[in-house]
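turn this into a structure:
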Amino acid sequence: MKRLVIAAACWQLVQTLPTAFHRLDALQPTLPAAAAQGPAVAAPPGAVAPHSLATASSVGSGRLALKELLTSSDVFADPTLPVQQVASCGTIVWVFAALLGPIIAAWLLLHRSGHLGVCYAAMLAISMVAVTACFDMANQSASAVMDAPNAITATHASALAMLMGLWSALRELRQLQASPASAVMQWTVVAICFTVYQLVNHMVSYMCTLSERVVFMNLCPVASFLIETLVMPAEHKPNLTVIGKVSLVTMTFGAFLFAYERHNITASGLLYASLLVLTVIPYRVSQRYLLSGSCKSLPVGFLCAMDGAALLLPSASLSGLSLEHSVASFRHWFSTGSVVGLLLLSSVAFVANHCMALLILKAGSATSYLVYYNIANFFVIGGSFFLFHEVMESSLMAAGLALSLLSGLTYAVEASCSPWSPREDGKEDMKGERSPEKR
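Numbering: from 1, shown residues only. Here you go, the predicted structure:
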């Protein structure tokens with residue numbers, strides 16, 4: 001009976017969250033024009049009349065065009081960017097409730113019943129897929145509404161550093177004291193790679209649509225294969241199966257077809273998407289190498305706190321440089337219920353996504369993570385169509401997106417089913433046996 005009461009209370013809370021955010025919008029204080037708006041910016045010809053964030057977030061449709069969310073401030077308005085569709089905070093709340101609600105309930109039930117250890121790996125994989133999709137959708141909306149990707153990055157870094165730092169101090173202190181100091185110094189390399197990756201990642205969410213992001217991120221195996229083929233020694237060069245090679249070729253062709261048919265891809269968006277592909281490879285390689293080696297004894301909570309602390313300073317510095325009226329901008333954002341809601345939801349998803357990625361890479365392999373990430377891409381594309389109303393400009397563009405998704409999933413599954421798979425210690429293993437040179 002007690003469980004039913006708790007479940008009913010949680011459901012009632014989820015139902016009231018969107019209404020609470022809209023009411024907070026209605027109570028938003030009016031800022032002085034000179035502080036809140038800054039210098040006026042001339043509207044481009046044919047532009048839609050600007051609305052405030054509070055007014056735009058309360059529209060009942062729940063799906064708003066970006067131009068309807070722009071204000072007259074130069075902090076929020078950038079007419080050079082392509083128009084994107086934005087899912088309202090209430091819609092994102094329902095997405096989180098639909099994807100994460102059943103998973104949280106399953107975690108609690110398994111923990112209470114004592115069967116969590118048996119189902120831990122499966123629950124972690126399912127949670128990783130759901131959290132990745134939730135973060136991408138919430139971060140996409142927050143980027144479009146706030147028009148300040150570095151400020152969002154600083155907010156996410158603060159949440160990661162504070163929450164996981166507190167968790168590590170309360171629950172992981174003994175394990176941390178038993179770990180060597182050299183391992184902490186080595187993880188600094190990963191924290192720096194994480195910082196560069198997340199700065200570019202948030203810019204991609206701001207400059208590109210969800211489908212563009214998915215297509216470019218699916219090129220990571222192609223770029224990784226080319227780099228390893230060029231720089232690795234002969235005995236360590238990748239040896240793909242025929243299906244793996246066909247998947248890489250199809251992946252590349254799908255991305256080219258998608259980009260060729262996409263008429264509004266900007267040069268800056270293409271640059272940041274390419275940088276994202278190039279930065280994620282050294283980040284994941286160094287992360288996996290240290291998690292399976294010298295940093296394996298370090299607790300995950302402490303590693304997350306280190307990553308968040310490393311990301312906070314550069315993101316906050318870049319945010320202060322890019323916003324001419326930083327204080328007024330932050331005051332405006334944090335007095336607007338929809339912005340607060342999007343920041344809160346995306347921050348929670350960001351922290352959970354990073355923690356689960358480290359847990360999967362620490363307990364499993366990079367191939368397993370790749371499979372889960374490609375499955376999450378299908379949910380992201382679904383959200384792009386149904387929540388952000390992204391439209392395929394031609395049938396060839398849709399075919400390119402489908403080829404990229406399917407070939408990416410095929411490559412990931414083929415890599416996981418290959419007889420040669422990575423062990424936790426970073427050495428190659430064949431069906432659980434020792435590697436040939438160690439026999």
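
just the element for the nearest residue to Thr279 once chain neighbours are set aside, please.
With CB to CB, 6 or more residues apart in numbering as the criterion, Thr279 has its nearest non-adjacent residue at 4.7 Å, and that residue is Tyr197. C-beta: built from backbone N, CA, C; applies to glycine. Here Tyr197, judged by DSSP states H and E, is contained in helix 181-207.

could you identify the helix or strand that succeeds that helix?
The element immediately downstream of helix 181-207 (helix or strand, assigned by DSSP H and E) is helix 210-217.

my read: Cys134 touches Leu100, true?
Yes: judged on CB atoms under 8 Å, Cys134 makes contact with Leu100 at a distance of 6.4 Å.

neighbour count: these two, which is higher?
Each of Cys134 and Leu100 has its neighbours counted (other CB atoms under 10 Å); Cys134 has more, 27 against 18.

ok, now how distant is that one from Phe379?
Cys134 sits 9 Å away from Phe379, going by CB to CB, to the nearest Å.

hey, what's in contact with both of the two?
With contacts defined as CB atoms under 8 Å, 6 or more residues apart in numbering, the residues shared by Cys134 and Phe379 are Leu99.

quick one: the longest helix anywhere in the chain to helix 181-207, angle?
With DSSP state H applied, the helix covering the greatest number of residues in the chain is identified as helix 116-146. Angle of helix 116-146 versus helix 181-207, following axes from the mean of the first three to the mean of the last three CA atoms, to 10 degrees, is 50 degrees.

so which elements touch the helix or strand just after helix 116-146?
Proceeding N to C from helix 116-146, the next assigned helix or strand is helix 149-171, under DSSP H and E. The elements that helix 149-171 packs onto, with contact taken as 3 or more CB pairs under 8 Å, 6 or more residues apart in numbering; DSSP states H and E, are helix 116-146, helix 181-207, helix 300-322, helix 326-334, helix 337-363.

repeat that with 7 Å
Packed against helix 149-171, as judged by 3 or more CB pairs under 7 Å, 6 or more residues apart in numbering; DSSP states H and E, are the following elements: helix 116-146, helix 181-207, helix 300-322, helix 337-363.

the ones you listed: which one's closest to Pro282?
When the helices and strands packed on helix 149-171 are ranked by proximity to Pro282, the top entry is helix 181-207, at 5.6 Å, counting by CB to CB.

report the rounded mean pLDDT for that closest one.
Confidence over helix 181-207 (mean pLDDT, whole number) is 91.

one more: stretch 291-306?
In this model, stretch 291-306 carries a mean pLDDT of 90.

just the CA atoms of it, as CSV, please.
This file holds the C-alpha atoms of stretch 291-306, laid out as CSV (Å, rounded to 0.1, in the frame of the first residue of the first chain):
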residue,chain,number,x,y,z
LEU,A,291,39.8,2.8,-17.0
SER,A,292,41.1,-0.7,-18.0
GLY,A,293,44.6,0.0,-16.6
SER,A,294,46.1,2.3,-14.0
CYS,A,295,42.9,4.2,-13.1
LYS,A,296,40.7,1.2,-12.6
SER,A,297,40.9,1.5,-8.8
LEU,A,298,39.6,5.1,-8.8
PRO,A,299,35.9,5.4,-7.9
VAL,A,300,33.6,6.5,-10.7
GLY,A,301,32.1,9.4,-8.6
PHE,A,302,35.5,10.9,-8.1
LEU,A,303,36.4,10.6,-11.8
CYS,A,304,33.1,12.4,-12.7
ALA,A,305,33.9,15.2,-10.2
MET,A,306,37.3,15.6,-11.7
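
buried ones in it?
By neighbour count on 16 or more other CB atoms under 10 Å, the buried set for stretch 291-306 is 291-292, 294-295, 298-306.

do the same with stretch 146-162
Going through stretch 146-162 with 16+ other CB under 10 Å, the ones that come out buried are 146-161.

out of these, what pair is the most spread apart?
The distance between the two most remote of the buried residues of stretch 146-162 (CB to CB) is 24.3 Å, for Asp147 and Ala161.

returning to what we had before: to Thr266, which of the helices and strands packed on helix 149-171 lies closest?
The closest approach between Thr266 and any of those, judged by CB to CB, belongs to helix 181-207 at 6.9 Å.

for that closest one, buried residues please.
183, 186-187, 189-207.

now stretch 130-141: average pLDDT?
In this model, stretch 130-141 has an average pLDDT of 91.

please state the offset of it from the chain centre?
Between the centre of stretch 130-141 and the centre of its chain there are 6 Å (CA atoms, centre = their mean, to the nearest Å).

where does the stretch 151-300 of the chain have low pLDDT?
Counting by pLDDT under 70, the stretch 151-300 of the chain contains low-confidence ranges at 231-233, 235-237.
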